[in-house]
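*Asks:* Sharing a model that was predicted from the sequence below.
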Amino acid sequence: MNPDILRERQNATFDIEKLTNILDGGAERTNRRREIREVLVLNDPDFDYGTPTSLPTMILKLREYGISDPVEINWYKSMYWGTGREALGLHYVMFLPTLYTQCDSEQFNKWVPLIIGTYAQTEMGHGTHLRGLETTATFDPATQEFVMHSPTVTSIKWWPGGRNPLFLPLIFLSIPLSASLFDLFLSGFALPTCSGIVIGDIGPKFGFDAVDNGYLKLEHVRIPRENMLMKYAQVKPDGSYVKPLSSKLTYGTMVFIRSLIVGNAGIVLSQCCTIAIRYSAVRHQSEIRAGEAEPQILDYQTQQHKLFPLLATAYAFLFAGQYMIDTYNRISGDINQGDLSEMPELHALSAGLKAFTTWTANTGIEVCRMSCGGHGYSRSSALPDIYVEFTPSCTYEGENTVMMLQTARFLMKSYRQVQAGQQLSGAVSYLNKVHHRVMAPQAVSSQLDLNLNTLVDLYEIRAAMLVELAAQSIQQESARGKCQEDSWNNSTIDLVRASDAHCHYMVLKMFRDKVDQIEDPGVHSVMSTLAHLYAIHGMGNFTGDFLQAGVLTGAQVPSVSKCLKGLLAEVRPSAVLLVDAFDHHDKMLNSVLGRHDGNVYEAMFEWARSSPLNRTEVHESFHKHLKPLQAKL
Ligand SMILES: CCCCCCCCCC/C=C\CCCCC/C=C/C(=O)SCCNC(=O)CCNC(=O)[C@H](O)C(C)(C)COP(=O)(O)OP(=O)(O)OC[C@H]1O[C@@H](n2cnc3c(N)ncnc32)[C@H](O)[C@@H]1OP(=O)(O)O
Ligand SMILES: Cc1cc2nc3c(=O)[nH]c(=O)nc-3n(C[C@H](O)[C@H](O)[C@H](O)COP(=O)(O)OP(=O)(O)OC[C@H]3O[C@@H](n4cnc5c(N)ncnc54)[C@H](O)[C@@H]3O)c2cc1C
């Protein structure tokens, strides 16, 4: 083991295993995750790591082992495929959940165990604006069929993942917005089961190469009436339409995956922090004091300033992901029982946190890559691949700006309810105080009150202020004679800013609540430090907001920076131990820089030598192209 990394692991001030257990949701979950990883994957003789041929093996093994819990499926898949996406991701996170939530019992029993599918909602002309989708589904009572049709070029279904002839049906959204299971293909290499279907691949993408995103054009294709997913809405044999309790129930799958993406952003950021911080512990470069040995780059304050707030953010997002999934499960259970009262809040929370966490993680991955210098740019680091696979999450499952505006819609509605004298509950209850806000007591002193509860209060006040400013912008636009829609559009910068601040407050609050639950003193202490770092770093980034909210004075601004530097120094001794607690296996991380043993250079040389370009002493291209050219010169 590299001596630097060995030294970093001595004198731990907290129990790493206990922290890993907290991240997993308990010791039993940690044991189960490791059992899946060590026994069912790494020690499986059939396991040929991450090659496409292993996809069928993976599916059959999941069934052989009886792994059906979605999180355990993901644990298994992520060991098989490492940090990359794989072709079946959409099947597990969108196609199956749609069947689970939108099929009636007969359909569920008929389809769920048997098929692999995709989710074809987006069209060439519309991805965000679902009410603008053009594909039609026209019921023909004479034949008890729907006639599915793509009337325009912009109505061609565009992007469905896993849309190749290998795959079976797809969930199809069409006008009127209902989800019809559209059985297009038999399994295997069969051609379309009926004419009128034009499919293909949409071509090379920025990344996401393991997933073949396709296109699908339908020309009056007929599917049985029974293929409409009929849990919430039905078309009866006589053609009468039974409306769902809410038209938004059809959007349920998107809320589910957005909820998952929140925790996934934390996982991806934790992977990158593991790579960058382990590498920064073994990389020596330049000098701090003349004549002394080159220091570990992790001892540069700037390197700590790049990485430690991201480390704190990774923990924050992992805890936010746990809260999000628990909230999703609770509210979707109520919805299943016909209680839709909290559906708007679930939508607002999942939409906002999905945007907030993916935007932040997306930027953070690049900071981690660049903090590793040239070696971060090498594919051996895994950081370029992680970035390329993660960055579309800011677009898919709800483009982030649009998602933030959905959350803003809920915040404005809540604000208006407070103005009308209503008492709010839930995540926006802080708006009840928006008109009675008193200056925070600490604003009169020059020292920052570092109590975590006080910091949460400051973020709450900041969010409330920005919600009010956005509402006032809309009111001012209306007062200038603008219609409601134009008043909204002319305030969308403020609205996104308000949603961002609301999500920032929510994430810090969840982090504080999780820290409060930690009983082990050592773990509590190091997590409390990270939560403080997360809060103070945010105050440094948005100082103007806190000044404008009146909870920070000009005299206190230097304290923010001073406090930040102190927290960076406090985290330094535990940095490697904190990424060890994420428990990412080398095989899954697949990064030369992020190896647990820290033996980066030897591994990098081996990795380079294994390149196909080095298979021969002289590359064949010399003989094929250069040598003939030289002969003519
Ligand atoms: C299972 C494994 C577990 C382990 C973890 C796994 C990790 C996985 C992590 C992810 C990795 C890989 C992911 C797989 C790859 C993904 C591939 C991508 C797939 C896709 O992109 S699928 C397509 C996604 N498309 C979208 O998201 C479309 C976005 N657009 C919309 O949602 C809507 O058009 C809209 C919300 C923007 C607007 O809708 P609209 O009907 O016009 O409504 P509005 O007029 O704006 O508002 C009207 C009211 O409706 C309310 N509303 C809107 N949406 C919802 C909702 N979903 N739920 C509840 N309520 C909703 C809105 O609030 C308004 O209410 P109000 O009138 O204000 O009261
Ligand atoms: C890798 C990847 C995989 C995908 N997989 C699938 C899949 O399996 N199935 C599927 O159905 N779809 C899939 N999609 C499509 C994806 O869901 C859409 O791309 C996404 O919903 C965004 O819609 P759009 O492309 O129409 O972007 P647009 O909405 O056209 O966005 C373009 C710009 O317009 C802005 N904009 C749009 N509306 C508003 C508004 N109301 N207010 C302010 N600004 C606005 C956006 O902020 C953005 O800046 C995938 C996409 C990617 C990148």
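*Replies:* Now that the structure is in, tell me what you want to look at. Ligands and ions are numbered 1, 2, ... in the order given.
*Asks:* Show me the contact partners of stretch 571-579.
*Replies:* 5, 8-9, 11-14, 16, 19, 270, 273-274, 277-278, 281, 298-299, 304, 307-308, 311-312, 315, 526, 529-530, 533 (C-beta atoms under 8 Å, 6 or more residues apart in numbering). To be clear about C-beta, it is placed using only N, CA and C from the backbone, and glycine gets the same treatment.
*Asks:* What's the ChimeraX syntax to select whichever of the residues you listed are buried?
*Replies:* ChimeraX command restricting those to the buried ones, with burial defined by 16 or more other C-beta atoms under 10 Å:
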select :5,8,9,14,16,19,270,273,274,277,278,281,298,304,307,308,311,312,315,526,529,530,533
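*Asks:* Give me the subset of the contacts of stretch 571-579 that also touch ligand 2.
*Replies:* On the criterion C-beta under 6 Å from any ligand atom, none of the entries of these sits beside ligand 2.
*Asks:* Now do the contacts for the residue in the stretch 451-600 of the chain that ligand 1 sits nearest to.
*Replies:* At 10.7 Å from ligand 1, Trp488 is the closest residue in the stretch 451-600 of the chain, using C-beta to the nearest ligand atom. Shown in contact with Trp488 (C-beta under 8 Å, 6+ apart): 474, 495.
*Asks:* Tell me the spacing between it and Trp359.
*Replies:* Relative to Trp359, Trp488 is positioned 22 Å away (C-beta to C-beta, to the nearest Å).
*Asks:* pLDDT on stretch 240-248, on average?
*Replies:* What stretch 240-248 shows for mean pLDDT is 89.
*Asks:* Is any residue of that stretch near ligand 1?
*Replies:* Yes: applying C-beta under 6 Å from any ligand atom, one finds stretch 240-248 touching ligand 1 at Lys248.
*Asks:* Name the residues of that stretch that are buried.
*Replies:* Quick answer for stretch 240-248 (16+ other C-beta under 10 Å): 244, 248.
*Asks:* in stretch 33-50, what's buried?
*Replies:* 33, 36-37, 40-41, 47, 50.
*Asks:* ditto for stretch 292-299
*Replies:* 295-298.
*Asks:* again with stretch 341-359
*Replies:* Neighbour-count burial for stretch 341-359 [16+ other C-beta under 10 Å]: 342-359.
*Asks:* do the same with stretch 542-551
*Replies:* So, applying 16+ other C-beta under 10 Å, buried residues of stretch 542-551: 542-543, 545-547, 549, 551.
*Asks:* for the record, mean pLDDT for it?
*Replies:* 96.
*Asks:* All further residue positions should be reported with the first residue as 27.
*Replies:* Let's use 27 as the start, then, which means that last one is stretch 568-577.
*Asks:* CA-only coordinates of it, as CSV, when you get a sec.
*Replies:* Presented in CSV, the C-alpha positions along stretch 568-577 are these (Å, rounded to 0.1, in the frame of the first residue of the first chain):
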residue,chain,number,x,y,z
PHE,A,568,-24.1,33.5,-2.0
THR,A,569,-22.9,36.2,0.4
GLY,A,570,-25.0,38.8,-1.4
ASP,A,571,-28.2,36.9,-0.7
PHE,A,572,-27.4,36.7,3.1
LEU,A,573,-26.5,40.4,3.2
GLN,A,574,-29.7,41.3,1.3
ALA,A,575,-31.7,39.2,3.7
GLY,A,576,-30.2,41.2,6.6
VAL,A,577,-28.8,38.1,8.3
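*Asks:* who's in contact with the residue nearest the centre of the chain?
*Replies:* Central residue of the chain (C-alpha atoms, centre = their mean): Ile287, 3.1 Å from the mean position. Applying C-beta under 8 Å, 6+ apart, we find Ile287 in contact with 380, 383-384, 419, 423.
*Asks:* Likewise for Gln473?
*Replies:* Gln473 neighbours (C-beta under 8 Å, 6+ apart): 582, 585.
*Asks:* Which pLDDT value does the model give it?
*Replies:* So, for Gln473, pLDDT stands at 74.
*Asks:* what's the answer for the one 5 residues further on, then?
*Replies:* Leu478 carries a pLDDT score of 95 in this model.
*Asks:* can you count the residues close to the residue of the chain found nearest ligand 2?
*Replies:* Closest to ligand 2 within the chain is Gly153: 2.3 Å, counting by C-beta to the nearest ligand atom. Gly153 has 18 neighbouring residues, counting by other C-beta atoms under 10 Å.
*Asks:* Secondary structure of it: a strand, I assume?
*Replies:* No: counting by DSSP: H, G, I helix; E, B strand; the rest coil, Gly153 is not found in a strand; it is coil.
*Asks:* What's the separation between it and Leu32?
*Replies:* 50 Å.
*Asks:* and what of Pro321?
*Replies:* Pro321 is 17 Å from Leu32, by C-beta to C-beta.
*Asks:* still on that earlier bit, would TSV of the contacts of Ile287 with distance to Asp546 be doable?
*Replies:* As requested, these are exported to TSV (distance: C-beta to C-beta, whole Å):
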residue	distance to Asp546
Lys380	31
Thr383	26
Thr384	31
Ser419	33
Glu423	36
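*Asks:* restrict the residues you listed to those near ligand 1?
*Replies:* Okay, of the contacts of Ile287 touching ligand 1 (C-beta under 6 Å from any ligand atom), that's Glu423.
*Asks:* Taking the contacts of Ile287, tell me the two that lie furthest apart.
*Replies:* Thr383 and Glu423 (12.0 Å; C-beta to C-beta).
*Asks:* Need the pLDDT of Asn135.
*Replies:* 86.
*Asks:* quick check, stretch 387-395 touching ligand 2?
*Replies:* No: using C-beta under 6 Å from any ligand atom, stretch 387-395 stays clear of ligand 2, coming no nearer than 12.8 Å.
*Asks:* Is that stretch in proximity to ligand 1?
*Replies:* No: against ligand 1, stretch 387-395 shows no contacts by C-beta under 6 Å from any ligand atom, the least distance being 11.6 Å.
*Asks:* which is the next helix or strand following the strand or helix carrying Met280?
*Replies:* Here Met280, judged by DSSP states H and E, is contained in helix 278-308. For helix 278-308, the following helix or strand on the C-terminal side (DSSP H and E) is helix 327-362.
*Asks:* show me where this structure has strands.
*Replies:* 144-146, 162-166, 171-175, 183-187, 196-200, 204-208, 223-227, 239-244, 247-250, 260-261, 267-268 (DSSP state E).
*Asks:* and the ones you listed, which one is worst for confidence?
*Replies:* When I compare these, strand 204-208 is least confident, with a mean of 55.
*Asks:* which residues touch Ile93?
*Replies:* Applying C-beta under 8 Å, 6+ apart, the residues near Ile93 are 62, 66, 99, 102.
*Asks:* Now for the last one: which residues touch it?
*Replies:* When the contact criterion is C-beta under 8 Å, 6+ apart, the partners of Tyr102 are 62, 66-67, 84, 87-88, 91, 93.
*Asks:* same thing but 10 Å
*Replies:* By C-beta atoms under 10 Å, 6 or more residues apart in numbering, the contact list for Tyr102 reads 59, 62-63, 66-67, 84, 87-88, 91, 93, 95.
*Asks:* any idea of the pLDDT on it?
*Replies:* 88.
*Asks:* Same question for the first one.
*Replies:* With respect to pLDDT, Ile62 scores 93.
*Asks:* Repeat that for Ala216.
*Replies:* Value for Ala216, per-residue pLDDT: 35.
*Asks:* just Thr219 next, same as before
*Replies:* pLDDT at Thr219 comes out at 56.
*Asks:* Phe193 too?
*Replies:* pLDDT, read off for Phe193, is 43.
*Asks:* now swap in Glu160 and tell me
*Replies:* Glu160 is given a pLDDT of 92.
*Asks:* okay, how far is it across stretch 641-651, tip to tip?
*Replies:* 18 Å (C-alpha to C-alpha, to the nearest Å).
*Asks:* Could you confirm whether stretch 408-418 reaches ligand 2?
*Replies:* Yes: using C-beta under 6 Å from any ligand atom, we find that stretch 408-418 touches ligand 2 at Pro418.
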